[in-house]
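> model the structure of this input:
(chains A, B, C, D, E and F)
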Number of protein chains: 6
Amino acid sequence: MMYDVVAFGEAMLRLSPPHFGRLEQTHCLDVEIGGSELNVAVGLCRLGMPAAWVSKLPDSPLGRMVRNRARELGVDVSHVIFSNKGRQGLYFVEYGAAPRASSVLYDRGHSAISTIQPDEVDWKKILSKAKLFHASGITPALSPSAAETTAVAMKAAKEAGCLVSYDLNYRKKLWSPAEAKRCQEPLMKLVDILTTTEEDTGVVFGIKEDSYQKVAESLAKTFGFKVVAITLREDISVWKNNWTAIAYADGKIYSDRTYTVEIVDRVGAGDSFTAGFLYGYLTGDVDKGVKYGNALAALKHTMPGDFNWSTLEEVEAQLKGAGLRISR
Amino acid sequence: MMYDVVAFGEAMLRLSPPHFGRLEQTHCLDVEIGGSELNVAVGLCRLGMPAAWVSKLPDSPLGRMVRNRARELGVDVSHVIFSNKGRQGLYFVEYGAAPRASSVLYDRGHSAISTIQPDEVDWKKILSKAKLFHASGITPALSPSAAETTAVAMKAAKEAGCLVSYDLNYRKKLWSPAEAKRCQEPLMKLVDILTTTEEDTGVVFGIKEDSYQKVAESLAKTFGFKVVAITLREDISVWKNNWTAIAYADGKIYSDRTYTVEIVDRVGAGDSFTAGFLYGYLTGDVDKGVKYGNALAALKHTMPGDFNWSTLEEVEAQLKGAGLRISR
Amino acid sequence: MMYDVVAFGEAMLRLSPPHFGRLEQTHCLDVEIGGSELNVAVGLCRLGMPAAWVSKLPDSPLGRMVRNRARELGVDVSHVIFSNKGRQGLYFVEYGAAPRASSVLYDRGHSAISTIQPDEVDWKKILSKAKLFHASGITPALSPSAAETTAVAMKAAKEAGCLVSYDLNYRKKLWSPAEAKRCQEPLMKLVDILTTTEEDTGVVFGIKEDSYQKVAESLAKTFGFKVVAITLREDISVWKNNWTAIAYADGKIYSDRTYTVEIVDRVGAGDSFTAGFLYGYLTGDVDKGVKYGNALAALKHTMPGDFNWSTLEEVEAQLKGAGLRISR
Amino acid sequence: MMYDVVAFGEAMLRLSPPHFGRLEQTHCLDVEIGGSELNVAVGLCRLGMPAAWVSKLPDSPLGRMVRNRARELGVDVSHVIFSNKGRQGLYFVEYGAAPRASSVLYDRGHSAISTIQPDEVDWKKILSKAKLFHASGITPALSPSAAETTAVAMKAAKEAGCLVSYDLNYRKKLWSPAEAKRCQEPLMKLVDILTTTEEDTGVVFGIKEDSYQKVAESLAKTFGFKVVAITLREDISVWKNNWTAIAYADGKIYSDRTYTVEIVDRVGAGDSFTAGFLYGYLTGDVDKGVKYGNALAALKHTMPGDFNWSTLEEVEAQLKGAGLRISR
Amino acid sequence: MMYDVVAFGEAMLRLSPPHFGRLEQTHCLDVEIGGSELNVAVGLCRLGMPAAWVSKLPDSPLGRMVRNRARELGVDVSHVIFSNKGRQGLYFVEYGAAPRASSVLYDRGHSAISTIQPDEVDWKKILSKAKLFHASGITPALSPSAAETTAVAMKAAKEAGCLVSYDLNYRKKLWSPAEAKRCQEPLMKLVDILTTTEEDTGVVFGIKEDSYQKVAESLAKTFGFKVVAITLREDISVWKNNWTAIAYADGKIYSDRTYTVEIVDRVGAGDSFTAGFLYGYLTGDVDKGVKYGNALAALKHTMPGDFNWSTLEEVEAQLKGAGLRISR
Amino acid sequence: MMYDVVAFGEAMLRLSPPHFGRLEQTHCLDVEIGGSELNVAVGLCRLGMPAAWVSKLPDSPLGRMVRNRARELGVDVSHVIFSNKGRQGLYFVEYGAAPRASSVLYDRGHSAISTIQPDEVDWKKILSKAKLFHASGITPALSPSAAETTAVAMKAAKEAGCLVSYDLNYRKKLWSPAEAKRCQEPLMKLVDILTTTEEDTGVVFGIKEDSYQKVAESLAKTFGFKVVAITLREDISVWKNNWTAIAYADGKIYSDRTYTVEIVDRVGAGDSFTAGFLYGYLTGDVDKGVKYGNALAALKHTMPGDFNWSTLEEVEAQLKGAGLRISR
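Modelled structure (predicted):
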């Protein structure tokens, strides 16, 4: 199968109590699938850009479920490795309401993907016809061999002539800032497009500036990125946020409107931004990337699960100023 | 059975994914019943004014379900025609969240009611003891024979001494503005009470004015309506709207307070206005109509399904300034 | 078993339609347990302060369910009386949306607890190692013998050297203001800590002042309470409230920040305040009581059911200024 | 409205845990409506014979729900009395599995209908155009005034020229066999058609014979009934029963095939028999009554809730030997 | 993408009331996807044999849902045509219990696939690397152009060197036996493997014999099929069936054990047989085909939905005599 | 708190797809709690014999949920250790239907309890007032330190004068037969009451006899047990089993009737037997133990979840020959 983008990382079963129940009180869990890099691949496929997702899953109904659901959304899963080693990672989501923030409880230790070895994946073959490789700062935090595999993949991508996209995605439960920095700094030179937040940049690289625009610029200059994209969220309340994003490229800041979003499920919004950005960038330019990423991310907040079920038509309707009236 | 109002039109099975799920992702659909004219009949029955609903349904569990649920709410369904021709119309509702508007997907083609013929209904008998006949601009759009049946019914209503109420209800998926105008213009002379929105008036009749008050006045003068009622919605967000309504009659504008509504389900709010207006008008005057219609419509937003389960007591509590404190 | 607090009162099965459905339209009811004094005991146990709940339940699956669920949350139920007399009280909750307030429909008549007799409970033994006894104005309204049992319990508590906490909790469906006053006035001299609202104080004791601070002061002076706590709710809408609380003690007013809460379920918020206040007061002082009560009550709005599933850690995070960002 | 049959009795909210959960463990209750005499009226309406149901309900969402759902099935509810006195009766159903039988827990005390007075109902008017009046042994057990109202109704029915149908329906939680006998014996002379089981006959009237055929004959001879119908159930297991019924009339026994039924919900099967019998008898003869009653009752076991949603067509398909193959 | 089998036909949204509810009474519908030929493709993919499905769907969330779910199970959907013409077919399933058979209500008229034209599909390309083409007697019944497209596809398959598999699948709601015969008789000469039932063979081709073995033989001889497979179902009750299958090939009958199945959902069992048979036949011989088909079909009865979620491992465990003990 | 029995072992979150869905296809998981030794403690509490459960859980909402639900059923959880090490074990249940057996998928690796150390528990104190200590062959399989802790606990129990009950419970996913034998053989001398199956005895100790009676005898003689109890299950189908049990003590075999059970959920039936046996044995003798254990186990099959919600009254009704008629 042909695809333009290859994403690499973990996906988990995502279990959440319905109707704002607390995890401790629930008698039922809704089952979704999520994982930052897979979410990006899904977003791309929804917009019409074929994407493959590379990962390692346990050979069990749970592992197959993750594979199936990625496939349901159109993601190429032919390179996913099934294994008898390691378990299927899980995570639990509690939906909040002000003043109680939503929260995530991870149960991802000892996963199949944490056992991945660099030589298990034939990156050269997988990337041979792709335009872009996407990874994130979660995977190298999973295990030393996962970190090594990430590095190997990124190098292979460069060698294959792919652009390399990277979401810094710092996860404090997985490693310390110092570990994150030590591991990822060497990788940054392989990255063309970095997506991150002001906060993660400060924690991992210690880069703090007066404005997020300057953070983006500073990142680009420090590491030589082609593009740095930064997403911006203002928590008006738990159910209502302001959302926007900017990018820095070629010495310029690209910005877009701010979306006020009513929040059904905010998990995966950043990944939707990345997907939309990559779509816009690969089919246009940085400006298109920011606009498509921003709209796709705004829409993500309105639907349950990590995946973004929007269509290209819906994203473009947002860009044209879709109203809030019921559509018949 | 005795009833004061006769409504004529289609009702559909209404299928919606729970919990803000997108249609494409759902594994369960909630089943409600809805249809503009039936919704009006339901609203009237809830307020204590008996109403009958005339329609044509397939002789199947689905058609019977529509009939049963109308009956559950107290609507007289003894004149509904069951037929082996035509299918049960369906529609799908997706609940939105800003910036994604709620949306409706119709699957109403080839319905039983689209096969209705003017001579299938004994309007004279049905209307003999009624005070008012209600139709809307949806029915004539369903098929030529449905349009003809609507016209025949409206004439029969005038002959029976009934008031005729009409909701313009333009549905762009069913016909073009030109078709809507050509078909409905001749019917307007039979109408006493017109309910519509500024937008539909502009699209169908090309009437555009500086204010909705002037739109109402212009409509009344153009077609000679006794009353023109216009509903007004301001979309603060998808989950919060401002809602009010006005009426023009006897050279005067009647208005009421604006309700800020938190939206559980906005479908059918306009029909609730019509029901409340007709109740108030038939038991009082235009002013009472506007107030009851406005309150009933505001309450509609707070409950799932097309039908309005409010009671007269609840409507009147709103008119007296019911607070937002929990009622024990 | 050892416990610091003993609460006495009724708990009911609480049945509510899911998804904002009206009671009249529902085909499913969610089952929770609730009762003002039990809610207080639950809140205390969640914060780590052991509490017992004394009540009388029917010896049936429903009565056992109430007992079990109290036990699930850690409440000592070893003194609950099971009886073949009287039924299990129920109440129904309808969740509202502006402009429709949430509402409660009680079906609590002829309950087991309404048959309770003062000599059925060995208060001396039960209270022997407790620090505080909590009751509310609901129990004496249930029946004359329940009123007498409440009075006997309060006296026993004083004799045992316990502090006595009382929530005025006026329920107009159960008795008139005059009855409430006549019955409760004599009890007030046994009370150390009174929790109430400005409104209930006015209705029951006719105390009306310019400000709630003065209401608290006036109450304290009239009845000689050690502490008077008053909760304050501002209904911005049905889904969003402002919430705070104050206390008057030793001639001073203690106040705290106002929480803007997004409302999943507001029932039991006052009881959470009481629980948090008692926890803070018994482990610190009035100021700590107000802060913990206020935070625990704010959190209550964000979860379904009467019970508060927050942890001490979550309450203290609020006091330290927990943000609205998703917690990972 | 016109109807052929008038049924009188209580209907309750029926709450049951889904999926074979025990009541004590459930967090959700399915809501149905049921009551022996209403179930009969529903069955008749489903077969195409109009029926009215007379009862007394609380003026509350719960009482209205009972009324609405009866109406949904086509029952005439125009003579139902709404009252501020008395509560809405409830009952709980636990679905069993061998060796645990299904069970019912009643919470029907202090109901609105238990307050009914003979002069609250204008029986003469209600029965003026009916062919048959149906009551059961549950209603007189509810309260003395309900017993008196039943007696008054039965006499009014005889005076109006109606046939009187009576289901003995002994409920041991409501009264003793002696009370049941003392109260009902005098009523038996007003009864034309008695439906019962061998067991209830033995308990209430002390009639015990070698065979159910003889029980029927003995009943008919003792009380002078036109027809005695007896239903017969063999519990192979909880999920599988054999079911049949016989009738005795004019010195003859009428019997029918035995149905092996897979049990979704057996509550209301006897009422379905009565409905089918009355339909068959009133449109044909005793033999038709037994066959239609038997088939309608067999079908009842296959669907959830007290009500029988079968159609006349489905019943007649059973009589013609409908197979078990999927119907497409 | 590479695949061994190409299936062509309609797939529908499949809506069913949960918990044995009747369609007329339900308030919720479970959403599955089903269609005979797609079910076959799904079964093959589950066993590890890649399959593609060719169809025409409306360009709507419903059409995309059908495509997605086929993809979820691993079916190649790259040749599915999306169109603005025609609607998404639906069907409703009611689960039965003895003596009420399960039933299916179709709402498939005016579907997108009924508008398909022979020249819309590039069969030559699609079939170029396939080993087998599968169609059924449903598709030609949908419309003349669908019949023509089926014929064109079958010829193209022969030309491409594919085996042709055909399931007679007579649907009496779609056409008469005479129409079915007239249309399909000419196609039979293109068929290598015919799957059917004794009943369908009798209805469509008028072939009736003393035994199903002779039916198979007679079919093979009449039309020159390589293999004729016949599935056999004995309805012990609605919840318990005996199931087996035979095949006739090369003058011999191949048979297998009879499975007693407990029925969760029997829809699609025949399609699972076909899938298993084709898998066994293509990877082995007729005997293997019968065994794998039989086991896969037996397993199908135990899971909800048309699709068979069994794995090859589970099928082979059946062949080795898997017990009924819980597997840990 | 006082209790008669102390059980020690792991409890897991138990997640199962509703309605016979396969794990791979589900979008919802029901949440129950289960673990062999906890199940025994629950069964004892339900019968009125107080029991404590000792375990180690993660300090998380999941760990607290396990603790809470044990407490809900009345189990003393005051000795449960909460820890920051190790995760909450999970297991998944798929409900089967013939010919597909039900199945269990474990995800219990790296659990908190696998980190337990012998010196973390003050067995002497915990067991000081208990009559019996219960463990099973699962716990020593979890980790070497869990095995050591089990051994230490059993010795402490003997020293405290407690009877020691042990369920052999072989879990092949956790260890090999050889490991199981090596680890457990030395423990057997500490055991008074052994519960097991014929199959496990063969696998672990290599004891195979002509009959289960002889197996019991052989076990008793080999290891010197006071009592050996063996449960016996015959799988008629997945939904219907025959169930009974025997015990060998003092040279005699004690047996009881065979129950034919309709299966809602068979997980935990063996644990229910143990609970019932211990109850009967401790309040009576071996014969009573067998009868109560057998009845409690039979009832377990009829309700969802590992826990047995039966009451002593229900168990004793079975012993008296409770019928299958609906209980009103």
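> the closest residue to A:D256 other than its chain neighbours - how many residues pack around it?
Nearest in space to A:D256, with sequence neighbours left out and distances taken as Cβ to Cβ, 6 or more residues apart in numbering or on different chains, is A:N294 at 4.6 Å. C-beta: built from backbone N, CA, C; applies to glycine. Number of residues near A:N294 (other Cβ atoms under 10 Å in any protein chain shown) recorded here: 31.
> what residues does A:N68 make contact with?
Neighbouring residues of A:N68 by Cβ atoms under 8 Å, 6 or more residues apart in numbering or on different chains: E:E72, E:L73, E:G74, F:E24.
> one more time with 6 Å, if that's ok
With contact taken as Cβ atoms under 6 Å, 6 or more residues apart in numbering or on different chains, A:N68 is in contact with E:E72.
> so which helix or strand takes in the residue nearest to A:D256?
Assigned by DSSP states H and E, A:N294 belongs to helix A:286-300.
> who does that helix touch, helix- and strand-wise?
Judged by 3 or more Cβ pairs under 6 Å, 6 or more residues apart in numbering or on different chains; DSSP states H and E, helix A:286-300 is in contact with strand A:240-249, strand A:252-255, helix A:269-283, helix A:312-319.
> so of the ones you listed, which one's packed in deepest?
Mean neighbour count (mean count of other Cβ atoms under 10 Å in any protein chain shown) peaks for helix A:269-283 among the helices and strands packed on helix A:286-300, with a mean of 27.
> contacts for it next, please.
Here helix A:269-283 has contacts from A:36, A:39-40, A:43-44, A:47, A:49, A:167, A:195, A:229, A:231, A:245, A:288-289, A:292-293, A:296-297, A:300-301, A:308, using Cβ under 6 Å, 6+ apart.
> make a PyMOL selection of the buried ones in these.
In PyMOL syntax, the buried subset of these is picked out as below (16 or more other Cβ atoms under 10 Å in any protein chain shown):
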select buried, chain A and resi 36+39+40+43+44+47+49+167+195+229+231+245+288+289+292+293+296+297+300+301+308
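> the residue nearest to A:D256 contacts A:R257, doesn't it?
No: with contact defined as Cβ atoms under 6 Å, A:N294 does not reach A:R257; the gap is 7.4 Å.
> which neighbours do those two share?
Common contacts of A:N294 and A:R257 (Cβ under 6 Å, 6+ apart): none found.
> how much space separates A:A216 from A:T201?
From A:A216 across to A:T201, the span is 9 Å (Cβ to Cβ, to the nearest Å).
> between those two, point out the one with more neighbours.
Just comparing A:A216 and A:T201: by other Cβ under 10 Å the higher neighbour count belongs to A:A216, 27 against 24.
> just the buried positions in the host helix or strand of the more buried one, please.
Using DSSP H and E, A:A216 falls within helix A:212-223. For helix A:212-223, the neighbour count (16+ other Cβ under 10 Å) marks A:Y212, A:V215, A:A216, A:E217, A:S218, A:L219, A:A220, A:F223 as buried.
> okay, the first one: pLDDT?
With respect to pLDDT, A:Y212 has a value of 93.
> ok, it to chain D distance?
Per Cβ to the nearest Cβ, to the nearest Å, A:Y212 is found 45 Å from chain D.
> try the third one
Between A:A216 and chain D the computed distance is 49 Å (Cβ to the nearest Cβ).
> before we move on, what about the fourth one?
When Cβ to the nearest Cβ is the yardstick, A:E217 and chain D sit 54 Å from each other.
> check which element follows the helix or strand hosting A:V6 along the chain.
Using DSSP H and E, A:V6 falls within strand A:5-8. Per DSSP H and E, the first helix or strand lying C-terminal to strand A:5-8 is strand A:12-16.
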